[in-house]
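Asker: Coordinates for the following, if possible.
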Amino acid sequence: MEEKTNVMRILDQKKLSYQGHYYGNTEAISGVEVAAALGEDPGQVFKTLVTVGKTGSHYVFVIPVAKELDLKKAAKAVGEKSIEMIKSKELLPLTGYIHGGCSPIGMKKFFRTTIDKSVEQCDTFFFSAGKIGYQVELAPADLAKVIRYQTAELTAK
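Answerer: The predicted structure follows:
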């Protein structure tokens with residue numbers, strides 16, 4: 001591990017057991033490439049997406065890297081008429097994270113978070129540690145000790 005990220009420090013403060021993974025020495029950019037670089041099943045490696053609803057509220061969705069967010073299912077999960085992805089340039093001021101290094105833990109402000117239901121099949125899952133090149137592996141039940149989240153069907157079949 002090269003260094004501790006804020007996400008890892010938050011997990012340490014909560015005394016939660018997690019595994020940090022570094023892939024910054026690879027060419028991996030997309031989530032599927034990151035899963036391959038880590039030698040992990042893409043169904044267990046998740047990406048964090050930030051959206052805005054018709055009401056102007058922001059929502060975070062965490063889904064497997066090889067899948068696409070189904071905007072209709074996502075809107076339904078949070079009770080919005082419709083949602084759309086926020087623009088890349090809005091990500092940093094809103095969350096404190098840059099595109100490719102966005103984590104559901106440690107955003108500037110907590111946004112309602114929904115994780116794809118498939119996480120319920122995982123003993124542990126991987127997601128960004130808040131910095132490009134870094135992932136953390138954590139049990140879903142442990143993530144629930146850090147942030148509130150719900151699960152729902154979020155991806156296109």
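
Asker: who are the neighbours in contact with residue 80?
Answerer: Going by CB atoms under 8 Å, 6 or more residues apart in numbering, residue 80 touches 53, 54, 55, 57, 59. For every residue, glycine as well, the C-beta is placed using N, CA and C.

Asker: cool, and residue 107?
Answerer: Contacts of residue 107 (CB under 8 Å, 6+ apart): 60, 94, 95, 96, 97.

Asker: Can you tell me how far it is from residue 150?
Answerer: According to CB to CB, to the nearest Å, residue 107 and residue 150 sit 17 Å apart.

Asker: hmm, back to that, taking the contacts of residue 107 one by one, which sit in strands?
Answerer: residue 60 (DSSP state E).

Asker: For the contacts of residue 107, which two are the farthest from each other?
Answerer: Farthest pair in those (CB to CB) is 60 and 96. Separation: 12.7 Å.

Asker: Those two: which is more packed in?
Answerer: When residue 60 and residue 96 are compared for neighbours, residue 60 comes out ahead with 22 against 15, by other CB atoms under 10 Å.

Asker: I figured the more buried one hits residue 47, correct?
Answerer: No. Under the criterion of CB atoms under 8 Å, residue 60 makes no contact with residue 47, lying 10.9 Å away.

Asker: quick one, helices of this structure?
Answerer: Remark: helices assigned in the chain by DSSP state H are 6-13, 31-38, 71-77, 88-95, 140-143.

Asker: closest to residue 103 out of those?
Answerer: helix 6-13 (4.9 Å).

Asker: Pull out the buried positions in the closest one.
Answerer: Under the neighbour-count criterion of 16 or more other CB atoms under 10 Å, helix 6-13 has 7, 8, 10, 11 buried.
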